[in-house]
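Novice: Task: produce atomic coordinates for the following.
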Amino acid sequence: MRTITAAELLDAWEAGLGQSPARRALTLLALIWPDASLASLAQITIGERDSQLLALREQLFGSQLRGMAVCPACGDRLELAFGAGQVRAQRPGLPANDVLHLTHDGYDIVFRLPTTADVLALTGADAAEQRAHLLMCCVIGAKGPDGTEVTTGALPAPVADAIAAHMGDADPQADVELSLSCPACGHAWLQPFDIAAYLWTEIADWAKRALREVHALALAYGWSEADILAMSASRRRMYLQMVGA
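Specialist: Residues are numbered from 1 along each chain as shown. Just a heads-up that it's a prediction; the model follows:
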């Protein structure tokens, strides 16, 4: 993976301020592949996208991650500490252009894995409507038990659930969960982990710190933002110590 400069990261943060979460994920992917079009980046699977974002996170901030979770049973807050390996799928997902087949309850379905482009096209006010729209995007064809063509909207709920489960199996990095247990009440549950959202929060925190450092050093020495960001983080810290910022 190419080395990302502080200036590039700050530009990506600024660009992502007014974007949706799915669009921000593409902005971060563009840091890895600056010569690729956004349209092409949007066509890779969610799992491949998130695998790349996890690798980007390791390059930028290291392999150790921290976070907070709230126990759904008692409301106690848990401090989390885990490694990137714990949220990395143990096997790769299938490519976006692979066609998948599933037979369930007599229905034969042909479909593909979701991409960021599909997420960007989501419509609907609630999760159920968005899931239905995602299935409509990804199901290529379906036949009922009598062999006749069936529209995606006419698929029974158990069949739609089976398609979603099969998608998860085929693209494991797209649906990562942390296995948690509350020390206060003993409740155990699975907590979804979204690397795109997690990384964006870290980048936003870093950007605010970087801008404060630029402000302090520009006031003290009259240096430009470009010159300050071109310094290593350790050198900036030393200058900040000298000016008491």
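Novice: so which strand or helix has residue 119?
Specialist: Following DSSP states H and E, one finds residue 119 within helix 116-120.
Novice: contacting residues around that helix?
Specialist: Helix 116-120 is contacted by residues 20, 22-23, 25-26, 39, 41-44, 46, 49, 134, 137-138 when judged by Cβ atoms under 8 Å, 6 or more residues apart in numbering. Yep, even glycine has a C-beta here, placed from its N, CA and C like the rest.
Novice: Highest neighbour count among those?
Specialist: Counting neighbours by other Cβ atoms under 10 Å, residue 25 leads these with 28 neighbours.
Novice: So what's the gap between the one helix or strand residue 163 maps to and the chain middle?
Specialist: In the assignment (DSSP H and E), residue 163 maps to helix 157-170. Distance of helix 157-170 from its chain centroid, counting by Cα atoms, centre = their mean, to the nearest Å, is 20 Å.
Novice: do the same with stretch 48-62
Specialist: The chain centroid and the centroid of stretch 48-62 are separated by 9 Å under Cα atoms, centre = their mean.
Novice: before we move on, what about stretch 69-88?
Specialist: Here stretch 69-88 is found 17 Å from its chain centre; the criterion is Cα atoms, centre = their mean.
Novice: list the buried ones in that stretch?
Specialist: The neighbour-count check on stretch 69-88 (16 or more other Cβ atoms under 10 Å) flags 69, 71, 84, 87-88 as buried.
Novice: Farthest-apart pair in those residues, please.
Specialist: Greatest spacing in the buried residues of stretch 69-88, by Cβ to Cβ: 71 and 88 (25.2 Å).
Novice: follow-up on the earlier one: would you list the buried residues of stretch 69-88 in a markdown table and tack on pLDDT?
Specialist: Shown next, in a markdown table, are those (pLDDT from 0 to 100):
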| residue | pLDDT |
| --- | --- |
| 69 | 95 |
| 71 | 95 |
| 84 | 95 |
| 87 | 94 |
| 88 | 94 |
